[in-house]
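[1] Next one to model:
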Amino acid sequence: MPPTESDLLIRPAVPGDATALAAVHLASRAAAPMPPGTHPPDEVRAWLADRLASDDEVWVVEDAGDVVAYLRMTPTWLDDLYVAPSHAGQGLGSMLLDLAKARRPAGFSLWVFETNTPARAFYRRHGLVEREHTDGSENEERAPDLRMAWGPTG
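    Below is the predicted model:
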């Protein structure tokens, strides 16, 4: 059964969320039509812990106390938006994307893999436009990707 709004909490992430963020990140990537990650789970956990200690802005969605989605942004980039597969299609990604738009009214960009057509369609439905296509030679996965943008400076 999908969570009700009263079950959900959107809040800034704290350092203790790193393990939960990594679980959402890894499960979401494994379920998506995108290249497999290049780092083992322990490295993903360490990397996210470092991001939580940086200037990145990170938000989580909790369902009954469990982290089930997260958003990570820099001043001009939406770097991560992941929803646990068990909570996909329930509006959590839209809630987080709306939060990103509210927090970055001047706009932002993001990278998405070319093969991740569901994510590309999701972002298009929410007003992002494709601005740049690459052959993937600059990303760790070496897979074609594209930059999508939202807002006046995107």
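[2] tell me what the helix or strand of the chain with the lowest mean pLDDT is packed against?
    Every helix and strand of the chain was ranked by mean pLDDT, DSSP states H and E. The lowest is helix 41-52, at a mean of 94. Packing partners of helix 41-52 (3 or more C-beta pairs under 8 Å, 6 or more residues apart in numbering; DSSP states H and E): helix 18-31. Where C-beta positions appear, they are placed from N, C-alpha and C, glycine not excepted.
[3] C-alpha coordinates for the helix it packs on, PDB please?
    What follows is helix 18-31, C-alpha atoms only, in PDB (Å, rounded to 0.1, in the frame of the first residue of the first chain):
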ATOM      1  CA  ALA A  18      24.900   7.600   4.900                       C
ATOM      2  CA  THR A  19      24.200   3.800   5.200                       C
ATOM      3  CA  ALA A  20      20.500   4.300   4.400                       C
ATOM      4  CA  LEU A  21      21.300   6.600   1.400                       C
ATOM      5  CA  ALA A  22      23.700   4.000   0.100                       C
ATOM      6  CA  ALA A  23      21.100   1.300   0.300                       C
ATOM      7  CA  VAL A  24      18.600   3.500  -1.600                       C
ATOM      8  CA  HIS A  25      21.300   4.500  -4.100                       C
ATOM      9  CA  LEU A  26      22.400   0.900  -4.800                       C
ATOM     10  CA  ALA A  27      18.900  -0.600  -5.000                       C
ATOM     11  CA  SER A  28      17.700   2.100  -7.300                       C
ATOM     12  CA  ARG A  29      20.600   1.900  -9.600                       C
ATOM     13  CA  ALA A  30      20.300  -1.900  -9.800                       C
ATOM     14  CA  ALA A  31      16.600  -1.600 -10.700                       C
END
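[4] tell me the angle of it relative to helix 41-52?
    For helix 18-31 against helix 41-52, the angle by axes from the mean of the first three to the mean of the last three C-alpha atoms, to 10 degrees is 120 degrees.
[5] what bits of the protein have low per-residue confidence?
    1-6, 153-154 (pLDDT under 70).
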